[in-house]
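# sequence and predicted structure are below.
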Amino acid sequence: MRVSSVKSAKNLHEYVGRFPGCRVLVLGDVMLDEYVWGTVSRISPEAPVPVVAVRSESLKIGGAGNVAANIAALDGVAEIVGVVGTDAAAERLTQELTRAGVKADGLVVDGARPTTIKSRVVAGSQHVVRFDRESDAPLALAVRRQVLRQVRARLPEADVLLISDYAKGVVGAGLVREVLALAARAKTPVAVDPKVQHVPLFRGVTVIAPNHHEAAAAARILVRDEADLLRVGQTLLRRLQARAVLITRGEAGMSLFEAARPVTHIPTFAREVYDVTGAGDTVMAVLALALAAGAPLRAAAVLANYGAGVVVGKRGTATVGRAELERALRDDSQ
């Protein structure tokens, strides 16, 4: 199937125009992305490592928080449920989420774990090193119950539930089982960005969107050619009984698998690739908002691909605005 036939079936601009007011509840692992920007002109005399002369530092919302920030940047209504510590990073993360337009009063405080921080050192355009401060231990039962209460309170107002799994402890078998049951009773569509080890938990969701490495690992199939990729998508679709499996493939675009439909291959729309950090978050944000706006899965996937094409042209963890998405649609149609 060609992308142009998706466009002719429904004007993609119409769905983007409906984003304001669409409500997405994001559940997942929130974090801060810390960047140290600098330059390298010499190697350390102490060890064979580059010496980075620091020019600036920045702090951005990461993980599930970045998904929510993308939704807000696209003029959707984003609420987030996740877990933070009792540290200064939790306060800063809450402030940044609020500043980004995300409703962050669903964050649960757990004094037994730190707020996740991923620190990256970037010299020029070269990513030198990353170090993480985090706990990936499963949530304690009392904390899990608090998270479930936050989801239960917010789900009735949500058009879509988006689960953003970074394997930092929030997503686990018990919580997912209870949350999916709530969504099923409310008839709320569920979109999932999974980690490999948790893919089997998401049986029956609306759409699950692993990257091609995660999809191959979850299906336990070595991908050498397109025939193998087709086997991967069909295997996951059958095992999970999901409405759709969307496999993101980097520079090769995306492949959408739906029950009783032929696969849809969507080529990338990226004009320039500068940094792929957070591109998956943008994909999920656009995908969820498009579904909330009434778009069919194929149109939602095409819009998500446009969003990814915009964000990879930006430096570091970034968001895409609704005007930018509309501009990308216009530019591609000319």
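Good, I have the coordinates.
# quick one: the residue sitting furthest away from the middle of the chain from Val54, how far?
The C-alpha centroid of the chain is most remote from Pro45, which lies 40.9 Å away (Cα atoms, centre = their mean). Applying Cβ to Cβ, to the nearest Å, the value for Pro45 to Val54 is 19 Å. In short, each C-beta sits where N, CA and C put it, glycine included.
# phi, psi for the residue farthest from the centre of the chain please.
phi -70, psi -10 (degrees, to the nearest 10).
# Ala158: neighbour count?
For Ala158, the neighbour count with other Cβ atoms under 10 Å is 22.
# so what's it up against?
Arg23, Val24, Leu25, Glu79, Thr188 (Cβ atoms under 8 Å, 6 or more residues apart in numbering).
# from those residues, pick the one nearest Arg330.
Nearest to Arg330 among the contacts of Ala158 is Val24, at 24.6 Å by Cβ to Cβ.
# from memory that closest one sits against Ile71, does it?
Yes: using Cβ atoms under 8 Å, Val24 is in contact with Ile71, at 5.1 Å.
# if we can go back for a sec, which of the contacts of Ala158 count as buried?
Arg23, Val24, Leu25, Glu79, Thr188 (16 or more other Cβ atoms under 10 Å).
# parallel or antiparallel, which strands does the helix or strand where the second one lies pair with?
What it means is Val24. Assigned by DSSP states H and E, Val24 belongs to strand 23-28. Within its sheet, strand 23-28 is paired with strand 77-84 (parallel), strand 160-164 (parallel), according to DSSP bridges.
# angle of the helix or strand following the longest one against strand 77-84?
Next helix or strand after strand 77-84 toward the C-terminus (DSSP H and E): helix 88-99. Using axes from the mean of the first three to the mean of the last three Cα atoms, to 10 degrees, the direction of helix 88-99 lies 180 degrees away from that of strand 77-84.
# coming back round to it: any chance of the strands paired with strand 23-28 in JSON lines, with mean pLDDT and distance to Ala259 too?
Listed next are those as JSON lines, based on pLDDT from 0 to 100; distance: least, Cβ to Cβ, whole Å:
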{"stretch": "strand 77-84", "mean pLDDT": "98", "distance to Ala259": "29"}
{"stretch": "strand 160-164", "mean pLDDT": "98", "distance to Ala259": "19"}
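# need these in CSV with distance to Phe202, can you?
Shown next, in CSV, are the strands paired with strand 23-28 (distance: least, Cβ to Cβ, whole Å):
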stretch, distance to Phe202
strand 77-84, 17
strand 160-164, 8
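# out of those strands, nearest to Asn211?
Taking Cβ to Cβ, strand 160-164 is the member of the strands paired with strand 23-28 nearest to Asn211, at 13.6 Å.
# other residues contacting the closest one?
22-29, 63-64, 67, 151, 155, 171, 176, 179, 183, 188-194, 202, 281, 284-285, 288-289, 291-292.
# which of these fall in helices?
64, 67, 151, 176, 179, 183, 281, 284-285, 288-289, 291-292 (DSSP state H).
# now find how far off-centre the strand or helix carrying Glu34 is within its chain.
Applying DSSP H and E as the criterion places Glu34 in strand 30-43. Its chain's C-alpha centre and that of strand 30-43 lie 22 Å apart, by Cα atoms, centre = their mean, to the nearest Å.
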